[in-house]
Structures are given as C-alpha cells and as structure tokens.
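> Sharing a sequence plus its predicted fold:
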Amino acid sequence: MSTDAPAADAGHAAGQPGHTLKQRAAEEARRFFAMFVYLWILFGLFSLHQRIILRQEGIGLTSQGFAFVNALVLAKVMLVAEDLNLSRWLRNRPLIYPIVSDALIFTLLFLVVHVLEEVIVGHFRGESLAASVPVIGGGGIVGLLCVSVILFFTLIPYLAFSHVNRALGAGHLRALLFGTAAGRR
C-alpha cells in the first residue's frame, strides 16, 4: 500500500482549501490534543518507571509535572514538524517508509528540543552552558542511544495510525476501528 491516494496527496484536512478558518482551527486543535494525550501518557509512563526504579534504590524523587509540560511542548513541535511533511519524498513508497522516517525525525527533533529547553531554563537559572545540558538516559552515548531507541519505537504506533488514516481517507480508519457507519460498507 502506498500513500499516493488522493487523500494522502491532499495533506491534512486542516490544510485543504475550502475549509473555513473555524474548521481548520478545530482540526488543528484535535490533532494537537491527540498528540498531547499520546505524549502525556508516554512521558507519564516513563516517569512512573523512573519512580519505581528510584524507589527501589531508596530515593523518592520524581514528578509527573515534567510529563505534562513536555507533552505540551513536544506536541506543538510534533504538530509543526508534521505540517512540514518532512517525509513527503517517501509518499510513493509503502507506508512503512514514511512511518519509520517520521519516527526517526521526531526522535531526533524531540532530543534536540529537550536539550534546548534545558539549556534555556539553565540560562535563566544562571547556570553555565555545560551545567545546563541534560544528562539523557544516565549519561554517555549508551544512555542517549537507549533513550533514542525507546522513543523511536514508542512513536511508531502513533505515526502508523496517522499515516494509515491519511492513506485511507479522513475518518475511514476511525470508522473501521470503532464501528461507525462509514466503516460498515
């Protein structure tokens, strides 16, 4: 299956001509909310896992607040990056190519944004650049690689759903999954 169907070429419904500003805003808000919820659940689970590990070591320090804030920030980054359609050069290939490509792009983008976010916050706290660069995955290349692999594979389900939905046409995948009238032909 490829994404060369008309629905895939037309892009997101929010960008299609003929939609009112209100319709486009509602579609963008829906997309943002879906991304936010997915990322909030994902980061919340990471926080929960960290809490369990730290608790086993006798350390009781973690917060779910970072999951909420990071989900908000990264959902907006993801929304903008998705609108840029960075994997458009793969549109005539099987769907697995743009899904994996987007997962890789978003993984790298999320890591860069996370580092930038910590450096900016560190700057406002008066920290030096070296002190404000976050330690990812416990530090070192192995930690960074582990976090990158986990993030990459956890983004694939969301991106697969998004790409398949676009390829089938607006609403068809939802109809197939949840049994609405459009999916029962």
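Arrived safely, thanks for sending.

> okay, the residue most central in space within the chain: pLDDT?
In the chain, the centroid-proximal residue (CA atoms, centre = their mean) is Met78; its distance is 5.3 Å. At Met78, the pLDDT value in this model is 88.

> Wait, it touches Thr107, no?
No. Between Met78 and Thr107 there is no contact under CB atoms under 8 Å: 11.0 Å. Heads up, the C-betas are built off the backbone N, CA and C, glycines and all.

> which of the residues in stretch 39-58 are buried?
Leu39, Trp40, Leu42, Phe43, Gly44, Phe46, Ser47, Arg51 (16 or more other CB atoms under 10 Å).

> To clarify, my last question referred to stretch 105-123.
Neighbour count says stretch 105-123 has Ile105, Phe106, Thr107, Leu109, Phe110, Leu111, Val113, His114, Glu117, Glu118, Val119, Gly122 buried, by 16+ other CB under 10 Å.

> and what of stretch 70-81?
Those would be Asn70, Ala71, Val73, Leu74, Ala75, Val77, Met78, Leu79, Ala81, for stretch 70-81 by 16+ other CB under 10 Å.

> out of those, which one sits closest to Leu151?
Nearest to Leu151 among the buried residues of stretch 70-81, counting by CB to CB, is Leu74 at 10.1 Å.
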